[in-house]
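Trainee: Make a model of this:
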Amino acid sequence: MDEDFETQALDSTLQSPSETLLSIRLLDFKTSLLEAIEELRIRRETEINYEDQISKIVVEKQELEWQKETLQHQMDALQQQNKEAMAVLKKQGKYQLAVETKEKEIDGLKEALKALQVNC
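Mentor: Residues are numbered from 1 along each chain as shown. From the prediction side, this is the model:
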């Protein structure tokens, strides 16, 4: 292609002014066309890169959503376990309190029985 330009440049010295003007316009058109083609090529490469990046981001987003769901399920399970453990502790606490109360009542009755036995 450069040879065409060189040939045209040599020929232009032998051409008439209108032919020279036409050659200049043709050269300008070819230059503009090459620039447009290069810009299109760069744009295509950029679009391909953007599409690749978008695809990677979409995959990463999906993986993060799955991780979030998994963690949410784990958190729900742990909250349920905590709730059940607290219920068991409350029951144990109530049972322990009942046992302590009964023991105090028994001790009180024993004291009262001793006092009655001493008086009789």
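
Trainee: Which strands and helices lie in contact with the longest helix along the chain?
Mentor: Taking DSSP state H as the criterion, the chain has its longest helix at helix 17-119. Helices and strands touching helix 17-119, by 3 or more C-beta pairs under 8 Å, 6 or more residues apart in numbering; DSSP states H and E, are helix 2-12. For glycine as for every other residue, the C-beta is placed from the backbone atoms N, C-alpha and C.

Trainee: Poorly predicted segments of this structure, please.
Mentor: Applying pLDDT under 70 to the chain flags the ranges 1-15.

Trainee: Apply 50 and report the result again.
Mentor: 12 (pLDDT under 50).

Trainee: coming back round to it: quick one: distance of the longest helix of the chain to the chain centre.
Mentor: Centroid separation for helix 17-119 versus its chain: 8 Å, with C-alpha atoms, centre = their mean, to the nearest Å.

Trainee: let's have the chain start at 14 instead
Mentor: Sure, I'll start counting at 14 from here, so that last one is helix 30-132.

Trainee: Please report the number of neighbouring residues for Leu35.
Mentor: 13 (other C-beta atoms under 10 Å).

Trainee: Over to Lys43?
Mentor: 14.

Trainee: Repeat that for the one 4 residues further on.
Mentor: Counted by other C-beta under 10 Å, the residues lying close to Leu47 total 11.

Trainee: do you know how far it is from Asp41?
Mentor: Distance from Leu47 to Asp41, counting by C-beta to C-beta, to the nearest Å: 11 Å.

Trainee: same deal with Gly106?
Mentor: On the measure of C-beta to C-beta, Gly106 and Asp41 end up 94 Å apart.

Trainee: Equivalent analysis for Trp79, please.
Mentor: Look at Trp79 and Asp41: by C-beta to C-beta, they are 57 Å apart.

Trainee: ok, now Glu116?
Mentor: Taking C-beta to C-beta, one finds Glu116 at 109 Å from Asp41.

Trainee: Pull the residues that contact stretch 45-59.
Mentor: Under the contact criterion C-beta atoms under 8 Å, 6 or more residues apart in numbering, stretch 45-59 has no outside partners.
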